[in-house]
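show me how the following folds:
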Amino acid sequence: MPALWIAHVTVTDADAYGKYAELAGPAIAKHGGTFIARGGRFVQLEGKERPRNVVAKFPDVDAAVNCYHSPEYQEALNHARGASERELMVVETSE
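As a prediction, the model looks like this:
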């Protein structure tokens, strides 16, 4: 079943986070991920609001988790640490 990678982000250092985004996109694509939402308009109905929300679709949960743990994504993530506050989850879809 396909899976969604859902990130809620507050960027605290735009330059460092920009480097993260530059490296993360290719890492996500390498693992079969495609972006379906990237920082667009949103309405927060419950919980903590984060100004940046990203959703990527992967072939399955394993592909998304493998992407997260991959050397390419971990290299990107090094730039996000200290440059953002974020929550990230992977959710299997019902497709």
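
how much space separates the closest residue to residue 5 other than its chain neighbours from residue 13?
Spatial nearest neighbour of residue 5, excluding adjacent residues (CB to CB, 6 or more residues apart in numbering): residue 56 at 4.4 Å. Heads up, the C-betas are built off the backbone N, CA and C, glycines and all. To residue 13, residue 56 is 22 Å away according to CB to CB, to the nearest Å.

so these two - more neighbours on which side?
Taking other CB atoms under 10 Å, residue 56 and residue 13 do not tie; residue 56 has more neighbours (24 against 14).

what ranges do the helices span in the protein?
For the chain, the helices defined by DSSP state H occupy 14-30, 61-69, 71-80.

quick one: closest of the ones you listed to residue 44.
helix 14-30 (20.3 Å; CB to CB).

how about the closest one: buried residues?
By neighbour count on 16 or more other CB atoms under 10 Å, the buried set for helix 14-30 is 16, 17, 19, 20, 21, 23, 24, 27, 28.

alright, that wraps it up for me.
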